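Colleague: What shape does this take:
(2 chains)
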Number of protein chains: 2
Amino acid sequence: MAKVETVLSNQGHKVVLLATLDSKGEEAAHLKSLLVERSDRCVCVVDVGTSGLPAFPADVSRECVSRSGGGLSNASGPAGALDVMATGAARIVRAMFDKGEISAIAGIGGGKGAGVFHRATKDLPYGFPKLLVTSGRPALLAEIATTTDTILLPTLVDLFGMNQFTRAALGNAADMLAGLAWKGVEERTGKTVAITAFGVTTPAVQTIKSLLEAARITVVAFPANGAGGRTMETLIGKGAFDGVIDLTTTEMADLHLGGTASAGEGRLTAASRVGIPQVIAPGAIDMVNFGSPDTVPAEFSDRVKYQHTPMTTLVRTRPEDTAEIARQTADRLNKAIGPVAVLWPGGGVSDYDRPGHAFHDPSANTAWRDSMKETLLPSIPVTETEHHINDPEFAALCSDWMIAQMEARP
Amino acid sequence: MAKVETVLSNQGHKVVLLATLDSKGEEAAHLKSLLVERSDRCVCVVDVGTSGLPAFPADVSRECVSRSGGGLSNASGPAGALDVMATGAARIVRAMFDKGEISAIAGIGGGKGAGVFHRATKDLPYGFPKLLVTSGRPALLAEIATTTDTILLPTLVDLFGMNQFTRAALGNAADMLAGLAWKGVEERTGKTVAITAFGVTTPAVQTIKSLLEAARITVVAFPANGAGGRTMETLIGKGAFDGVIDLTTTEMADLHLGGTASAGEGRLTAASRVGIPQVIAPGAIDMVNFGSPDTVPAEFSDRVKYQHTPMTTLVRTRPEDTAEIARQTADRLNKAIGPVAVLWPGGGVSDYDRPGHAFHDPSANTAWRDSMKETLLPSIPVTETEHHINDPEFAALCSDWMIAQMEARP
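Modeller: Residues are numbered from 1 along each chain as shown, chains lettered A, B, ... in the order given. Predicted coordinates for the structure are as follows:
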């Protein structure tokens, strides 16, 4: 196990508890009293309610929150009021965090309360404990888990007063909060490189990881499933990485054709913006992800498909698609202020893109290469190889370039 | 705050840790060592891996798990092997739970590992701490949160070896597990009644809750958003409730027209099966839920719609729909082995179904009543009122019937 060196932090031991003290007052009071009873945590209650009266006095009142959010007098309707409270809560939480006063934050809320909690906490660092006890619908939980490491406790029952179910859920929340305390951001003692992964490119990721680790570089892998790509872009923007091996750019295929693994328009932009070295390869751009077969749009009815699992249908991209994906990728890379290397695996871009396998199509692969070369600035090199993306030789090319880049930097 | 009387349990203090010790061996070892270091928890590691070699010896080996699941020799392919491991793990976990040896269970997994964890833990009681550290995609987290109170810690990064991110996530998991310990099922000291709720029927739910609580009946509300209805049906089946006021049967509208809030075919079946008293009303059957406007199926293009939030579009049901919804509801009620009362609010079924509001349509409302009366067995009474569903008088009718039923039972 790696030796963990943590920055000694002067972070306080306080827990923030965010709730609407009108509709969720009973629940907030119960959780607070459990925490006081079962642990030595000091609780700071922030009231984000806008209707009715608080069930008990908050440590940070709703007036204080709304003032910090710009005031309710200019807010238009209930949605506007929620905006103000979310903005105000985010500022107050951030100020407490910056002063080192808090080491965890908890929230209790239904759909709207969960939304306010998410907006108030989403810019806190990865690893800072954010615990949300919520009756919000599952799709909302998925949305929150797409961009933050919020710990989710789904109550299943409505938060509508105390009963044996809400007592059990809040009891678990109190037991967790008793111990949850941020240890600070771990000190970076060497270089850290991000890499994008998919099941069908895992052999390449494993080899690259071994090679980089042998050079004392830490590797952080992101699943290229939409959420992973978004998270990686966000973390790159915050300076979390010294380089990125964007091996599995398949999310660009989903962006282009409307698949479920799209990471949005912001994909492949952060590394170019901050200027860290990046290796780019067309990993898994042979496939666009959809759910069960009946969720595949009718326009793709005559496409080659592969049933990955009962809940995952993959649609094969065509040469005109891969050419467009390359164009969009190259457009982004042309804005890079740091070094870029594009590596092309002529032997195939995924485990399914091999002779005899469902998605084998060399013409789609060469279309990506040709479009990439045509669109890229001449200053960005494209290295053409005949290796398959999962061949050890291809992994070595990716690793060697990145290791050289890392060694050239202090 | 209500006095909490818990059953003193002889539940052990052991934590089960479920993981594939091949692909997630490093992560499992790290979490186990943190737990031992930071708390007095005894950890029982269960290996559910089927490929490669375990990174360290498990307390319950993969051979033991697969044997308990029926053996791998008859399993067909990787999916079959997962089935066997999930079945085996579920049996082993259940046996430890039944013997009172464990007080929490944790899992570490990607998509497949999360699936195995879910299947191994989904039948443990509500409130028994189930913590899942996962890199699985958000949609999978939503699926898990639809039916269980599993505490979800999304890692965002892949679980692919140790780095500053996985150390932070596993550190939080250890801090939570240090305190998470099941307190046993709370002893039921009085009657408990379930009720279904939606924003547009909340006034009725609040009034009913007050009236029942005044009669010393505990009320547990479920959001009628698909997940809530499914959970309520499951809990009714397990004997958690003495009665149900199914005020908001809107999930039957989503079932009929393919909305996002469908709770499946099993909705409105458990209470009839177990024979607890049930009050039925057509709450919010004026609406079917969809996501953003572009997700509404083309067949509903000429329907009356209402934009509830940017992410929620409501489609108005027509008389032919509400008649069919009533028929399907009545078919289920006709199988009831316990008392049933159907109450009809002639003044409207939701806050949007009032004169001057978007969904006001008395013909759709009477179609429900007529179809209900036509389909129901003569032994089941339909009480027709001219109240709106949110009128206090309607709430009183629901409550009075249920209180009388509860008082007639020991």
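Colleague: Excluding chain neighbours, give the residue nearest to the residue sitting furthest away from the middle of chain A in space.
Modeller: Distance from the C-alpha centroid of chain A, by CA atoms, centre = their mean, peaks at A:L53 (36.7 Å). Excluding its sequence neighbours, the residue lying closest to A:L53 (CB to CB, 6 or more residues apart in numbering or on different chains) is A:D22, at 6.3 Å. Bear in mind the C-beta positions are built from the backbone N, C-alpha and C, glycine included.
Colleague: and that neighbour, how many residues sit next to it?
Modeller: Per other CB atoms under 10 Å in any protein chain shown, the neighbour tally for A:D22 reads 16.
Colleague: before we move on, the earlier item: three-state assignment of the residue farthest from the centre of chain A?
Modeller: coil (DSSP: H, G, I helix; E, B strand; the rest coil).
Colleague: wait, what's in contact with A:H256?
Modeller: A:288, A:321, A:324-325, A:328 (CB atoms under 8 Å, 6 or more residues apart in numbering or on different chains).
Colleague: Which pLDDT value belongs to the residue nearest to A:L53?
Modeller: Listed pLDDT for A:D22 reads 94.
Colleague: For the longest helix seen in chain A, which residues meet the burial criterion?
Modeller: The longest helix of chain A (DSSP state H) is helix A:77-98. The neighbour-count check on helix A:77-98 (16 or more other CB atoms under 10 Å in any protein chain shown) flags A:81-90, A:92-93, A:96-97 as buried.
Colleague: So which helix or strand of chain A has the lowest pLDDT on average?
Modeller: Among the helical and strand segments of chain A, the one scoring lowest on mean pLDDT, DSSP states H and E is strand A:305-309, with a mean of 86.
Colleague: just for the stretch 1-150 of chain A, where's the confidence low?
Modeller: A:1-12 (pLDDT under 70).
Colleague: related to what we said a few turns ago, by contact count, what packs against the least confident helix or strand of chain A?
Modeller: strand A:312-316 (3 or more CB pairs under 8 Å, 6 or more residues apart in numbering or on different chains; DSSP states H and E).
Colleague: the domain parsing of chain A - what is it?
Modeller: A:14-179, A:191-407 (automatic domain parsing).
Colleague: Can you tell me which of the ones you listed is nearest to B:G239?
Modeller: Across the domains of chain A, B:G239 has its closest neighbour in domain A:14-179 (12.8 Å, CB to CB).
Colleague: so who does the residue nearest to A:L53 touch?
Modeller: Residues in contact with A:D22 (CB under 8 Å, 6+ apart) are A:49-55.
Colleague: Which among those residues count as buried?
Modeller: Of the contacts of A:D22, these count as buried by 16+ other CB under 10 Å: A:49-50, A:54-55.
Colleague: Now do the strands in the stretch 101-250 of chain A.
Modeller: When assigned using DSSP state E, counting those that start in this stretch, the strands of the stretch 101-250 of chain A occupy the ranges A:102-109, A:130-134, A:151-154, A:191-197, A:217-223, A:243-246.
Colleague: Dump those to a markdown table, plus distance to A:D294.
Modeller: Listed next are the strands of the stretch 101-250 of chain A as a markdown table, based on distance: least, CB to CB, whole Å:
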| stretch | distance to A:D294 |
| --- | --- |
| strand A:102-109 | 34 |
| strand A:130-134 | 30 |
| strand A:151-154 | 27 |
| strand A:191-197 | 28 |
| strand A:217-223 | 25 |
| strand A:243-246 | 32 |
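Colleague: A:A298: which of these is closest?
Modeller: Smallest distance to A:A298 across these (CB to CB): 28.4 Å, for strand A:217-223.
Colleague: ok, the residue nearest to the spatial centre of chain A - contacts?
Modeller: Per CA atoms, centre = their mean, the C-alpha nearest to the average position across chain A is that of A:T231, at 2.6 Å. By CB under 8 Å, 6+ apart, the contact set of A:T231 is A:147, A:222, B:156-157.
Colleague: ok, and the most crowded of those?
Modeller: When neighbours are taken as other CB under 10 Å, the top entry among the contacts of A:T231 is A:F222 (28 neighbours).
Colleague: Which pLDDT value does the model give the closest residue to that one other than its chain neighbours?
Modeller: Counting by CB to CB, 6+ apart, A:G228 is the residue found nearest to A:F222 once chain neighbours are left out, at 3.9 Å. If you check A:G228, the pLDDT there is 93.
Colleague: Go ahead and confirm A:G228 touches B:D158.
Modeller: Yes: A:G228 is in contact with B:D158 according to CB atoms under 8 Å; the separation is 7.1 Å.
Colleague: Find the residues that touch each one of those two.
Modeller: Common neighbours of A:G228 and B:D158 (criterion: CB under 8 Å, 6+ apart): A:197, A:222, B:135.
Colleague: For the residue nearest to A:F222, which residues are in contact?
Modeller: Contacts of A:G228 (CB under 8 Å, 6+ apart): A:196-197, A:222, A:263, B:135, B:156-158.
Colleague: Could you dump the domains of chain A into JSON lines with distance to B:R188 added?
Modeller: As requested, the domains of chain A are exported to JSON lines (distance: least, CB to CB, whole Å):
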{"stretch": "domain A:14-179", "distance to B:R188": "7"}
{"stretch": "domain A:191-407", "distance to B:R188": "38"}
